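> sequence unknown, structure follows:
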């Protein structure tokens, strides 16, 4: 019987509890491999090789939260919302501001903090004012 995992892929997997991909990685630390003419996540390839086709409209979610893992026992098909939803239970932004109705806005599908945005805008405007005041004026120059 043929091994379902091609040797060139198996050679780059550290088989343990999580099957950690030791080859090239994509953004987010996901393993990547050239497969059937495309560059694709190795977790998707392993799912298709060992389990079957990925259902239409679903992603493959890492239940172990270890993105280089390609162990199909740690993977599950899920909608994009469910797949990325594990961050949705956070009550505070990375800087500690509360995510509530008045302090939260959405941009391109991401939840963002209004307080952090105001701080960023104030800092940007202060830098811009400083740069403008540091430039010599054309009127002040003597000819």
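Alright, I've got the coordinates. The structure displayed is predicted, hence computed values, not measured ones.

> Could I get the contacting residues of the spatially most central residue of the chain?
By Cα atoms, centre = their mean, the mean C-alpha position of the chain lies nearest to residue 28, the distance being 4.6 Å. Counting by Cβ atoms under 8 Å, 6 or more residues apart in numbering, residue 28 touches residue 67. In short, each C-beta sits where N, CA and C put it, glycine included.

> Show the pLDDT at it.
According to the model's per-residue confidence, residue 28 sits at a pLDDT of 80.

> Confirm that it sits in a helix.
Yes - read with DSSP: H, G, I helix; E, B strand; the rest coil, residue 28 is one of the residues of a helix.

> Distance of it relative to residue 108?
16 Å (Cβ to Cβ, to the nearest Å).

> same check, this time on residue 91
Distance, residue 91 to residue 108, by Cβ to Cβ: 22 Å.

> Next up, the contacts around residue 106.
If a contact means Cβ under 8 Å, 6+ apart, then residue 106 has residue 112 as its contacts.

> Show me the beta-bridge partners of it.
Following DSSP bridges, residue 106 is listed with bridge partners residue 111.

> Could you shift the numbering so residue one becomes 30, and keep it that way?
All right, first residue 30 from here; so that's residue 135.

> What does residue 91 show for phi and psi?
Backbone geometry at residue 91, expressed as degrees, to the nearest 10, gives phi -90, psi 110.
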